[in-house]
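> sharing a sequence plus its predicted fold:
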Amino acid sequence: MLTTEYVPGAPNWLDLGSPDTDASAAFYSAVFGWDFRSAGPEAGGYGFFQLDGKTVAGLGPLTEEGARPSWTVYFHTPDADATAKAVEQGGGRVRVAPADVFSFGRMAAFTDPTGADFAVWQPGETSGLEAVGVPDSLSWVELYTTDAAAVKAFYGSVFSWRMNDVQMGPELTYTLLAPSGAGEEGNHGGLMQLPQENLDAGSTAEWHPYFEVSDCDATFAKATAAGATVLIPATDAPGVGRFAMFLDPVGAAFAIIKSAMG
């Protein structure tokens, strides 16, 4: 369960890198009712998705050479520079060195040892997203990986996450992630090994967000009508909820869920 009481290791920011920010703003407005607000001319096209006046995500143009459209998950860190060192020591790569974002905070972007991109946010004036865990906002983050054992060791060394394996089927192990010291309700995400057939089809390691919705099927219909490509149709996961996964019109992966307890 995500909350805005951010602790080290918890997701505290999320943004979309898009080759067409106007199209992306229009798509997510149609699906979730978000409004887009520019951060100003000095922000290089970056801005904020808002829901009822609260920031629920960021949006900006692709800035890294060769970058693909994607959602980037940021995790809270009290020291971005120390986290960058831990990433390198753990076998990851620093893609964007720690840097201040005006007076709002300090960020850095990394790639884990299996190729999945992620980032960290060290709060300054901005602690993180202003709404999470409510309908039409971030409620879960998930890592598809090519080597579950390797990334568990990596993220354990970088963030000291607590990790619990759950058998979801005879051949599927899902690992629940939580900040160290958090209780069962502190789980913020999960990771799973990509099946061999996905790897054979060219799937690569990546993080993606889940957005809580009040009606999975209604939101599914909005997303497909607005141009999303269906990856996983609306599906019931017993004890978890009803979810679906898409590529948005620019090719960024995201999922929606009506949580069983939501």
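It's in. Nothing here was measured: the structure is a model prediction, and the numbers come from that model.
> please count neighbours and contacts with C-alpha atoms only from this point.
OK.
> can you give me the strands in the stretch 1-150 of the chain?
11-18, 35-38, 47-51, 54-61, 70-76, 93-101, 105-111, 117-123, 137-145 (DSSP state E, counting those that start in this stretch).
> CSV for these, including mean neighbour count, mean pLDDT and distance to N198?
Converted to CSV, these look like this (neighbours: other CA atoms under 10 Å; pLDDT from 0 to 100; distance: least, CA to CA, whole Å):
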stretch, mean neighbour count, mean pLDDT, distance to N198
strand 11-18, 24, 98, 24
strand 35-38, 18, 97, 34
strand 47-51, 22, 98, 32
strand 54-61, 22, 98, 29
strand 70-76, 23, 98, 19
strand 93-101, 16, 97, 24
strand 105-111, 21, 98, 20
strand 117-123, 26, 98, 19
strand 137-145, 23, 98, 10
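> out of the ones you listed, flag the one nearest V240.
Among the strands of the stretch 1-150 of the chain, the nearest to V240 by CA to CA is strand 137-145 (11.7 Å).
> in this structure, which segments are predicted with low confidence?
184, 262 (pLDDT under 70).
> mind listing the helices for it?
All helices of the chain, identified by DSSP state H, fall at 21-32, 80-89, 148-159, 196-200, 216-225.
> only C-alpha atoms, please: export the third one in CSV.
What it means is helix 148-159. Only the C-alpha atoms of helix 148-159 are listed here, as CSV (Å, rounded to 0.1, in the frame of the first residue of the first chain):
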residue,chain,number,x,y,z
ALA,A,148,15.3,-12.4,-10.5
ALA,A,149,18.1,-13.7,-8.2
ALA,A,150,20.5,-11.1,-9.5
VAL,A,151,18.2,-8.1,-9.1
LYS,A,152,17.0,-9.2,-5.6
ALA,A,153,20.6,-9.1,-4.5
PHE,A,154,21.1,-5.8,-6.3
TYR,A,155,18.1,-3.9,-4.9
GLY,A,156,18.7,-5.5,-1.5
SER,A,157,22.1,-3.9,-1.4
VAL,A,158,20.9,-0.5,-2.8
PHE,A,159,17.7,0.0,-0.8
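> packing partners for that helix?
Judged by 3 or more CA pairs under 8 Å, 6 or more residues apart in numbering; DSSP states H and E, helix 148-159 is in contact with helix 80-89, strand 189-193.
> among those, which is the most enclosed?
Mean neighbour count, computed with mean count of other CA atoms under 10 Å, is highest for strand 189-193 among those, reaching a mean of 21.
> packing partners for that strand?
Strand 189-193 packs on strand 137-145, helix 148-159, strand 172-178, going by 3+ CA pairs under 8 Å, 6+ apart.
> centre of the chain versus the last one, how much separation?
Which is strand 172-178. Mean C-alpha position of strand 172-178 versus that of the full chain (CA atoms, centre = their mean, to the nearest Å) differs by 16 Å.
> mind listing what's buried in that strand?
Judged by neighbour count (16 or more other CA atoms under 10 Å), strand 172-178 contains these buried residues: T173, Y174, T175, L176, L177, A178.
> closest one to P61 out of the residues you listed, please.
Distances from P61 to these, taken by CA to CA, are shortest for L177, at 29.7 Å.
> thought F243 was touching A260?
No. Counting by CA atoms under 8 Å, F243 stays clear of A260, with 10.2 Å between them.
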